[in-house]
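K.L.:
Model the following, please.
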Amino acid sequence: MKRHLVNIYRLGIKELWGLVRDPMLLFLIAFTFTVSTYTSGTAVPDTITHAPLGIIDEDNSQLSQRVISALYPPMFDTFEIGLDDADKGMDNGIYTFVLDIPPSFQADILAGREPSIQLNVDATRMSQAFTGAGYIQEIAMGEISSFMQRYRSNTQLPVDLEMRMRFNPNLTQAWFGSLMDIINNITMMAIILTGTALIREREHGTIEHLLAMPVTPGEIMIAKVWSMGLVVLVTSGASLVFVVQGLLNVHIEGSIPLFLVGVALHLFATTAMGIFMATVARNMPQFAMLLILILLPLQMLSGASTPRESMPKLVQDVMQFAPTTHFVELGQGVLYRGAGIDVAWKQFLALAAIGAVFFIVSMVRFRKTISQMA
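P.N.:
Next up is the predicted model:
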């Protein structure tokens with residue numbers, strides 16, 4: 001038993017030295033857990049900023065001026081334009097929004113009629129178009145409502161809805177984007193590092209040297225799993241502390257050590273997946289194509305981007321057997337909601353069970369591939 005542990009340790013150290021000598025993989029690891037995590041938290045702004053808004057004021061009344069003055073920077077950059085400038089400006093991409101306030105707008109409001117304000121939106125600017133249209137509608141209706149309170153009494157409803165935002169009070173994008181990026185990158189890097197480690201040895205011919213040594217295929221595989229898993233575990237933990245908490249000032253509600261235990265269980269499954277994929281692929285290009293086919297569904301259907309409840313029932317049932325599904329639930333529960341082991345034990349147990357199955361299947365496939373090479 002002692003000899004097996006020594007062999008696994010020394011083979012793992014060999015894998016780490018091989019990684020140190022590969023500058024491209026080192027750059028990929030550093031970039032993934034620093035720049036990528038930082039940009040995921042900051043690339044999408046929390047609110048709309050400096051959206052160009054053209055305003056056609058055909059009423060020129062007190063109410064229309066109140067609406068216009070409420071649409072102020074830095075949320076909107078407003079430009080008062082004429083009717084002839086609206087279509088030309090939107091065709092040339094000058095304005096994302098054009099708000100047209102019709103003639104006699106204030107008079108119609110006071111008379112009890114229901115005039116319409118036309119809002120033209122450049123829908124090719126998806127993020128600004130969706131968010132900005134809602135803001136403009138909310139701001140305009142708020143100004144009209146406060147204006148009308150001066151002229152007619154409003155009946156107050158006996159019930160008031162008070163909204164409270166749990167776990168992200170200010171709806172800060174960085175709180176979601178950065179943590180989800182780390183969770184997704186852990187899966188990606190675990191598969192890439194273990195898969196490339198095996199393919200690199202096959203391409204360089206060093207796998208035959210290992211077979212000539214007194215080591216078993218199981219020791220070779222376990223060494224790759226623990227060494228590459230350790231790299232991902234350490235770098236993801238450092239990214240969580242120094243990038244997410246340090247640079248982005250994201251509040252972590254739960255226990256980081258508990259989350260890292262979940263990461264270790266998840267790596268047990270995903271590193272085995274990387275070994276299995278490397279035994280199927282013949283070279284690095286094939287491994288890259290196989291990675292795309294497997295990684296994208298694992299991440300997109302895990303619940304990291306879209307709630308699983310909104311997915312078809314068949315997809316939900318199938319993804320119960322994917323480690324990423326339970327890892328995302330564990331990560332969100334621990335990091336966002338402060339869940340402890342008493343709450344997240346089901347996800348820990350599921351990751352351990354799925355990881356054991358993946359490891360056994362990969363071990364069988366790895367032994368078969370090694371025996372064919374021998």
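K.L.:
So in the chain, which strand runs the longest?
P.N.:
Taking DSSP state E as the criterion, the chain has its longest strand at strand 51-57.
K.L.:
show me where pLDDT drops low in the chain?
P.N.:
Applying pLDDT under 70 to the chain flags the ranges 43-47, 127, 151-161, 167, 169-172, 174, 208, 371-374.
K.L.:
how does it divide into domains?
P.N.:
As recorded under automatic domain parsing, the domains making up the chain are 2-44+172-373, 51-149.
K.L.:
from the chain's centre, how far out does the longest one sit?
P.N.:
Counting by Cα atoms, centre = their mean, to the nearest Å, domain 2-44+172-373 is centred 16 Å from the centre of its parent chain.
K.L.:
how about the strands of the stretch 201-350 of the chain, start to end?
P.N.:
Counting by DSSP state E, counting those that start in this stretch, the stretch 201-350 of the chain yields no residue ranges for strands.
K.L.:
residue boundaries of the helices in the stretch 201-350 of the chain?
P.N.:
Assigned by DSSP state H, counting those that start in this stretch, the stretch 201-350 of the chain shows helices spanning 206-211, 217-238, 256-280, 284-300, 313-319, 323-331, 341-373.
K.L.:
quick one: which of those helices is nearest Met126?
P.N.:
Of all these, helix 284-300 sits nearest to Met126, with 18.0 Å by Cβ to Cβ. The C-beta positions use only the backbone N, C-alpha and C, and glycine is treated the same way.
K.L.:
and the closest one, what does it pack onto?
P.N.:
With contacts taken as 3 or more Cβ pairs under 8 Å, 6 or more residues apart in numbering; DSSP states H and E, helix 284-300 sits against helix 173-204, helix 256-280.
K.L.:
Check which residues of the first one are buried.
P.N.:
Of the residues in helix 173-204, 173-202 count as buried by neighbour count, 16 or more other Cβ atoms under 10 Å.
K.L.:
Could you dump the helices and strands packed on helix 284-300 into JSON lines and include distance to Gly132?
P.N.:
Formatted as JSON lines, those follow (distance: least, Cβ to Cβ, whole Å):
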{"stretch": "helix 173-204", "distance to Gly132": "16"}
{"stretch": "helix 256-280", "distance to Gly132": "36"}
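K.L.:
Arg308 is nearest to which of those helices?
P.N.:
The nearest among the helices and strands packed on helix 284-300, by Cβ to Cβ, is helix 173-204 at 14.0 Å.
K.L.:
okay, the angle between that closest one and helix 256-280?
P.N.:
40 degrees (axes from the mean of the first three to the mean of the last three Cα atoms, to 10 degrees).
K.L.:
and the angle from helix 173-204 to helix 323-331?
P.N.:
Per the same axes, to 10 degrees, the angle that helix 173-204 makes with helix 323-331 is 140 degrees.
K.L.:
Which neighbouring elements make contact with helix 173-204?
P.N.:
Other helices and strands packing on helix 173-204, by 3+ Cβ pairs under 8 Å, 6+ apart, are helix 2-20, helix 23-33, helix 35-42, helix 206-211, helix 217-238, helix 256-280, helix 284-300, helix 323-331.
K.L.:
by contact count, what packs against the third one?
P.N.:
The reference is to helix 35-42. Under the contact definition 3+ Cβ pairs under 8 Å, 6+ apart, helix 35-42 sits against helix 173-204.
K.L.:
can you check the last one too?
P.N.:
Applying 3+ Cβ pairs under 8 Å, 6+ apart, one finds that helix 323-331 makes contact with helix 173-204, helix 256-280, helix 341-373.
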